[in-house]
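Undergrad: I would like the atomic coordinates for the input below:
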Amino acid sequence: MGVQRHFGGLWQPWQPSHALLVLPVALIAVITVIDLNVPADVHLGPLLVVAPALTASFAGPWRTGAIGLLAVMAQVYIGLHFGVLFTERNVMIQILALSVLSAMIVFFCVVRARRQQELAKVRSVAEAAQKALLRPLPHRIGPLHIASLYLAAEEEAEVGGDLYTATRTDSGTRLIIGDVRGKGLAAIGESALLLGAFRETAHRHPTLPELAAALDRSVCRYLTDFIESDRDIPEHFITALLLEIPHEEPAARMTDCGHPPPLLLSRHRVTTVPSLHPAPPLGMGGMSGAGPDRYTTDEIAFASGDMLLLYTDGVTEARDRNGAFYPLAQRVANWTSCDPESLLHHLRLDLLAHCHGHLDDDAALIAIRRTPAPQARHRLGTFRRADGIRH
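TA: Residues are numbered from 1 along each chain as shown. Predicted structure coming up:
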């Protein structure tokens, strides 16, 4: 077990990257052959150090050490071939220098490998925390077929200031999509607060205005407790769209808190759903929050086969190299017959192509299609999850 553990880094199943080891081995062979055939006053042995240095760029410490040992053996063979291994001081110094340099390269490989392991552990913990914060939406809730997409603006991040979640109520499904002022990891605290408040209170309030008021109070309390300066509180807010879809009615209700209106895909047409009574973003109701009277509910027809597309402004404000915004409604019109997963797949590729792979802000989308209501005997199994679509 000890031998296997210590030499496990050297003896591993074959991988395509192992073919790169041919390069340093071939380099040692070429330098050795040339050094054996040039005049005696020409010394190419010091060039052998290039082999372990090259190996360190793609291999671990064990393979780098093996190549370093091979380079030293090649230098020793050159000295033996010319009969000067023990007679010329210069040859011994070359061998010693090559050994020391190879050992130093291996040492740095060991340090790099340990840091990579630590980084992998930290990254795995961060990914688990991010996925726990923004869980994939259920693939199906009752008659609703749902798909979601999140593109974080910051590299290596899976979530940021945009948020969404869904929950089932006695009569239907409630969803929220929101955008915290700011972007990236700095906005995660407020995003987590709103998601937790929605999951806790979504089923407790009979109307969306009452739910919006409760969420506003939660956000205001959070800002009062955690924002360092009172002058900074007005700079912190969350735009949000609350959506309620009854399972037994061909309709959808929404309360808009300063968020971009959704798109309705119906009969191969794309329509921007107007927000007739927009309210200010969450967190702007003062220390006590805003009351339900501040919010209203708009209702639209949402029949079987229709699809709603919810999004954040990171989508519509994505720019190309000429500064042009992404024309979401125009592009969606090309894929009105797609299912939710295919629609978001096309939008992801098209959006990243538009901004050349670099988003200036986090972007989130949710596609919801109403399908014919399942039979009663199947309704207990409607919370089956599916893999979310990810950057």
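Undergrad: ranges for the helices of the stretch 51-200 of the chain?
TA: Assigned by DSSP state H, counting those that start in this stretch, the stretch 51-200 of the chain shows helices spanning 61-81, 89-133, 188-201.
Undergrad: which secondary structure elements does the longest one contact?
TA: Contacts of helix 89-133 with other secondary structure elements, assessed using 3 or more CB pairs under 8 Å, 6 or more residues apart in numbering; DSSP states H and E, are made with helix 50-55, helix 61-81, helix 188-201. C-beta coordinates here come from the backbone N, C-alpha and C atoms, glycine included.
Undergrad: the last one - contacts with which helices or strands?
TA: The one in question is helix 188-201. Where contact means 3+ CB pairs under 8 Å, 6+ apart, helix 188-201 is packed against helix 89-133, strand 162-168, strand 172-180, helix 208-226, strand 238-246.
Undergrad: any stretches of the stretch 51-200 of the chain with poor pLDDT?
TA: The stretch 51-200 of the chain contains residues with pLDDT under 70 at 126-127, 129-130, 154-160, 182-187.
Undergrad: if we use 80, what do you get?
TA: 84-90, 122-134, 153-161, 181-189 (pLDDT under 80).
Undergrad: Asp41: which of the helices and strands packed on helix 89-133 is closest?
TA: Between Asp41 and the helices and strands packed on helix 89-133, the shortest gap by CB to CB is with helix 61-81, which sits at 13.8 Å.
Undergrad: chain center to that closest one: distance?
TA: 43 Å (CA atoms, centre = their mean, to the nearest Å).
Undergrad: which neighbouring elements make contact with it?
TA: helix 22-37, helix 50-55, helix 89-133.
Undergrad: deepest-packed of those helices, please.
TA: Scoring these by mean neighbour count under mean count of other CB atoms under 10 Å gives helix 50-55 as the most buried, with a mean of 22.
Undergrad: where does Ala252 land in three-state SS?
TA: Under DSSP: H, G, I helix; E, B strand; the rest coil, Ala252 falls in the strand class.
Undergrad: so it touches Leu242, yeah?
TA: No - Ala252 is beyond contact range of Leu242, at 11.1 Å (criterion: CB atoms under 8 Å).
Undergrad: could you verify my assumption that Pro261 touches Thr271?
TA: No - look at Pro261 against Thr271 with CB under 8 Å: they stay out of range, at 9.9 Å.
Undergrad: in JSON lines, list the helices and strands packed on helix 61-81 along with distance to Arg140.
TA: Shown next, in JSON lines, are the helices and strands packed on helix 61-81 (distance: least, CB to CB, whole Å):
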{"stretch": "helix 22-37", "distance to Arg140": "51"}
{"stretch": "helix 50-55", "distance to Arg140": "51"}
{"stretch": "helix 89-133", "distance to Arg140": "20"}
